[in-house]
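Undergrad: pasting the sequence and the predicted model now:
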Amino acid sequence: MSVDTKTVARIAHLARIAVEEERLEPMTAELNGILDWIEQLSEVDTDGVEPMTSAVDTKLHWRDDVVNDGDKADEILKNAPKAEYGFFAVPKVIE
């Protein structure tokens, strides 16, 4: 797959990116290089390779999902610059 300068100009327009006319040709070459590299990745045989989320094989430590710090609304609202009716009060931002 490759792109031409007309396609690059259209992509820039759709992305609302201002690209000068003299930058279109170098950017076309850069994008074609990136697309060539992506095509090389599709040639890699990944059959039998397990998906991974990290380079280090670690297990997550699970904990019970229990409420252990509830009923502290009054202490939390002490940190608020202004509180009303048990909630943080914030200035109105929409007229």
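TA: Yep, that arrived. Numbers count the residues shown, from 1 in each chain.
Undergrad: burial check on Ala9, number of neighbours?
TA: 15 (other C-beta atoms under 10 Å). For every residue, glycine as well, the C-beta is placed using N, CA and C.
Undergrad: do Glu95 as well
TA: 3.
Undergrad: what's the distance between it and Lys82?
TA: Shown here: Glu95 relative to Lys82, a distance of 20 Å by C-beta to C-beta, to the nearest Å.
Undergrad: does Phe87 have beta-bridge partners, and which?
TA: Per DSSP bridges, the residues bridged to Phe87 are Glu84.
Undergrad: pLDDT score for it?
TA: With respect to pLDDT, Phe87 has a value of 92.
Undergrad: now swap in Leu14 and tell me
TA: As predicted, Leu14 sits at a pLDDT of 96.
Undergrad: and what of Arg10?
TA: 95.
Undergrad: what helix or strand is it on?
TA: Assigned by DSSP states H and E, Arg10 falls within helix 5-14.
Undergrad: all good on my end, thank you.
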